[in-house]
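Peer 1: please work out how this folds:
(2 chains)
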Amino acid sequence: MDVRELAGRVRRREIYRYMGMKEEDAGESLRALVEEQLIRLLNQIRVRSFYQIFPLSLQEGERTEIELGPLHIVSRDLGRNLRGCTSAALFGATLGMEADRLLYRLGLTAVGEAVVTDACAAEVLEVVCDEVCGELAALAKQNGERIRPRYSPGFGDFTLAYQAELLKTLELPKRLGVSLTAGGMLTPTKTVTAVVGFLPAEHEKGQMRTEQP
Amino acid sequence: MTDIRDYLGKELLFYDGGTGTYLQSHGIAAGELPESANLTSRPEMVRMHREFLEAGSHILLANTFGANPGKLAGSGWEPEKLICAGVENAREAVRQFREERGEERPLFVSMDIGPSGRLMKPYGDLEFEEAYEWFRRMAVCGEEAGADLITIETMSDSYEVKAALLAAKENTSLPVFVTMTFDEGGRLLTGGEVEGTAALLESLGADAIGFNCGLGPHQLSRLVQKLLAFTNLPVIVNPNAGLPRSEGGRTVYDVGPEEFAEVMGQIARAGAWVLGGCCGTTPEHIACLTQELRGFSPVQRTVPRRTMVTSGSRFVEISRDPVIIGERINPTGKKWLKTALQEGDTDRILKEAVKEQEDGAHILDVNVGLPGLDEAETFAGLIPAIQAVTDLPLQIDTSNVAAMERALRLYNGKPMINSVNGKKESMEQVFPLAKRYGGVVVGLCLDEEGIPDDVEGRLRIARRILDTAAGYGIKRENIVIDALALTVSAQAGSARVTLETIRRLKEELGVNTVLGVSNISFGLPAREVINASFFAMALSAGLSCGIINPGNEAMRDAYDSYRALYGLDENCSSYIARNSERKARAASVQAAQVQAAAVQTAQAMGTVSVRSEQALEPAQERELQKAIETGLSGPARTLTAALLQTMSPLEIIDGQLIPALDTVGKYFETGKLFLPQLLMSADAAGACFEVIRGYMERSGQEQPKKGKIILSTVKGDIHDIGKNIVKALLQNYGYEILDLGKDVEPETVVDAARRAGARLVGLSALMTTTVVYMEETIRLLRESLPEVKIMVGGAVLTQEYAQSIGADFYGKDAMASVRYAEQLSQQGLL
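Peer 2: Predicted coordinates:
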């Protein structure tokens, strides 16, 4: 994925939203800073992503049990997201250590720039995830399917405890340099993992409005 | 025992193929830890090894890749048992193969060490010594179980591979081969490139180096060429069978045995000596490969030696284009740095490091020698901290051997080591360290007799240093000689000796040189005039590295001019770029000066009295407040410098900075301004404080400080932006902040608070999973230091929650913590 291309796709309003404000509330100097930091970030990071598609079976009852490739997941909320799906992709995407390195340095030298860069990084990561999902949507379309909104460990009752298994299944430490700390946090910090269900055409109606976090 | 090193370069040696691939396709240990098969499926594992031997492999990797104590913690498996069984299975296969086939080719069993699966500090949470200990256990166990060599593989972090390589070298007598995983762009996941990584592995004593995993043979070819052109060590290539592709939930690889063998054949013909496969490669791949290269003799290569210094992600080559070594992190003659070191004010030192990089340094000298300071301890804290904020390689500068060792051990990369000299004792102390940890050593032309007055004498010492180093196995390219610049005012003509020594060191000994340039001008007026001229002359005599202040304009001018004149700056583009920058900077300074002059005129005419509190009308004061309020650091800095000509520091702080911060703070609290704007103002104010602090230090004034506050992000949490925000704001309000960083043990917080006598501790946590450690930290603080107040903040906290875990105050946003500190301060509690 060409990082430079991403610059055009980054939604400025989202960056301001991450900073707890609206784009209209920003003056000239903050707007200039956002553009400057965004370009610097994009110039330094190396974006990486990886996905793999697995067969899926879902049993909803007292507890919702999901078999997703080698993963066995118990989660009512993920189950609701994946209802009707027969396969799903697991994916990981990261801005790499370079983003953390930049944020670390700015946290020390210029905390205003750090906060702006942090928000830019969050939005860039979203755009990268959208990119991956776009690819998955295209794949799904070929098979007459469509994709469900991505769902990450930590959403609803799909606990962070599944993160370790997910990383292992995708071999993310090797492929993306993504690992977990002893406390179960993703490193590099600007990393997302998620599940994306593939919904066959016959399930389209009545399924798309299920609640999302 | 047969030593594999005796065979390198005499015949091609073949590794085996992908163990994981084999296990998967044979349904062994499905869904289980792959290494568990060593105990649960012994016959199958022996059969796997046998198949690779039949295919023609010389080296079997025991199935111990992930048998890392860190990875296995809590799994119920003991690393030692799995490793022992893994090595034994491979040995059993060798024994059977020899017995049944009467095979005579050399066969080796290698202990296999993979990555720990955790990210090293500072971006992750794994300590260097913890990683070292895990790898030590693996290596020792592998040797005891009878492995013939150790292969450290699939590494993608230079710091982690250093821990593994040191652990293997220091605790076993086995040969150690290292293969790294690069991406298609030719970088490690942590950013390092082929040349820098190779320089590091060579310097740490790897016996053979190369690539595995990540890429297929096609993609690796280009990187292999790069490595072959750089290193004299034997090169190993163990690619995947192409790039991975997903098919029905399975990872598949598309390069078949014939194609694999064909491309690998080209790689062998280019000069690789050890070949094999990784993920996706089967015994068939290896069979085709060994068939393809049957009877082929390894290509002999000689590669020109290069002087390389590296950090975790960057390398600097010392050669014809001279290198700037930043001299600023050295307390000699710098009061601010002495104070910063004594008070443990790491932030200030780190900012200086960042500034030196921005000013154009290529390497940073780090010297913390100060009477009464534990140098080793200081290095242990500072070296990793500096490496977290800058990717420049460092020069470890100390005469304290224990401190040098500590720094070299913890350093991420291949550093410069400053210094050794011609004294027997110095060489006996420094060279073993340089050999063990790697590095480029600065050798000073002095010995027991002092510094020779003549060129011959200095060359004699240089030769002795080079020869002695060679005796320790340290190659000539890893020595840089300092011809020594003496104070010219004390010794007339000494500069000529230095310059002539530099010229002859290069011409006669072919060795790189380094010089602490500014020593030349001690005791003279207008030092930078002499310094810059001398620097230009030294460069022209062939100097490879100048230890200078990269922020000094005259020195940079000398450097840039030299590069432009000697054809090292293509199209003079660096020279032109720097001078346009300078022009722009000069214009902004001039604008500020015009304003300052206007204020002075107004004062002289009696229309403005800057000493009167009511007189806040002059343009410049409004400008400063405005600059801070709009968060413009550059203008704020310039305006502060101008104001200092007419106002006292305290007047500026109390009359300008604090009111500006208060205004912004109030706007933030009432929703008129938002967090980034508040912080841009904080940064601008911080820039003013820096200028004021510099001014006060130069004039010998003490800056008044309010109370000491400890800040830390709690154990388990690595998200520290909230803590950094609070810190920046509190510092602007005059509080002395002791920042303990992130992922901090509860005991460390208590110790720091006790030692500093702090009355307020601020804790941050971002994740629900780490709030438990916040609670534990509070509990410990309450037990040991009941008088200390505790404020907490972070995304997952609420007022109620903060109360329930026993905090005194919950900071709902960044300003709230300032208000709380101010309140305590007014009550005399801080």
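Peer 1: and the strands in the stretch 51-200 of chain B?
Peer 2: Counting by DSSP state E, counting those that start in this stretch, the stretch 51-200 of chain B has strands at residues B:59-61, B:108-113, B:149-155, B:176-180.
Peer 1: cool, chain A as well?
Peer 2: A:48-59, A:65-68, A:71-74, A:87-94, A:145-147, A:179-180, A:186-187, A:191-200 (DSSP state E).
Peer 1: check those strands for me and report the most buried one.
Peer 2: strand A:87-94 (a mean of 26; mean count of other Cβ atoms under 10 Å in any protein chain shown). The C-beta positions use only the backbone N, C-alpha and C, and glycine is treated the same way.
Peer 1: I'd like the average pLDDT over that one.
Peer 2: Averaged across strand A:87-94, pLDDT comes to 96.
Peer 1: same thing with stretch B:631-638?
Peer 2: 90.
Peer 1: before we move on, the earlier item: make a markdown table out of the strands of the stretch 51-200 of chain B and add distance to chain A and mean neighbour count.
Peer 2: Shown next, in a markdown table, are the strands of the stretch 51-200 of chain B (distance: least, Cβ to the nearest Cβ, whole Å; neighbours: other Cβ atoms under 10 Å in any protein chain shown):
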| stretch | distance to chain A | mean neighbour count |
| --- | --- | --- |
| strand B:59-61 | 16 | 28 |
| strand B:108-113 | 14 | 28 |
| strand B:149-155 | 6 | 27 |
| strand B:176-180 | 12 | 27 |
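Peer 1: to residue B:133, which of these lies closest?
Peer 2: Set against residue B:133 and scored by Cβ to Cβ, the strands of the stretch 51-200 of chain B come closest in strand B:108-113, at 13.1 Å.
Peer 1: hmm, back to that, save the strands of the stretch 51-200 of chain B as CSV, and put in mean pLDDT too.
Peer 2: Below are those laid out as CSV (pLDDT from 0 to 100):
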stretch, mean pLDDT
strand B:59-61, 98
strand B:108-113, 98
strand B:149-155, 98
strand B:176-180, 98
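Peer 1: so which of those is nearest residue B:337?
Peer 2: Comparing these by their distance to residue B:337 (Cβ to Cβ), the top pick is strand B:149-155, with 36.2 Å.
Peer 1: send me the closest one as CSV with only the CA atoms.
Peer 2: Output of strand B:149-155 as CSV, limited to C-alpha atoms (Å, rounded to 0.1, in the frame of the first residue of the first chain):
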residue,chain,number,x,y,z
LEU,B,149,26.3,-25.2,16.6
ILE,B,150,23.7,-22.6,17.4
THR,B,151,21.5,-20.9,14.7
ILE,B,152,19.8,-17.7,15.8
GLU,B,153,17.1,-17.2,13.2
THR,B,154,14.1,-15.2,12.0
MET,B,155,15.3,-12.2,14.0
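Peer 1: okay, helices next: where are they in chain A?
Peer 2: Per DSSP state H, chain A carries helices over the ranges A:3-9, A:12-18, A:28-44, A:76-82, A:96-109, A:111-142, A:163-170, A:172-175.
Peer 1: and the third one, how far out from the chain's middle?
Peer 2: Think helix A:28-44. On the basis of Cα atoms, centre = their mean, to the nearest Å, helix A:28-44 sits 22 Å off its chain's mean C-alpha point.
Peer 1: that helix vs helix A:96-109, what angle?
Peer 2: 140 degrees (axes from the mean of the first three to the mean of the last three Cα atoms, to 10 degrees).
Peer 1: rounded mean pLDDT for helix A:28-44, please.
Peer 2: Helix A:28-44 comes out at a mean pLDDT of 93.
Peer 1: so which bits of it are buried?
Peer 2: A:30, A:33-34, A:37-38, A:41-42, A:44 (16 or more other Cβ atoms under 10 Å in any protein chain shown).
Peer 1: any idea of the angle it forms with helix A:111-142?
Peer 2: Using the same axes, to 10 degrees: helix A:28-44 against helix A:111-142 is 60 degrees.
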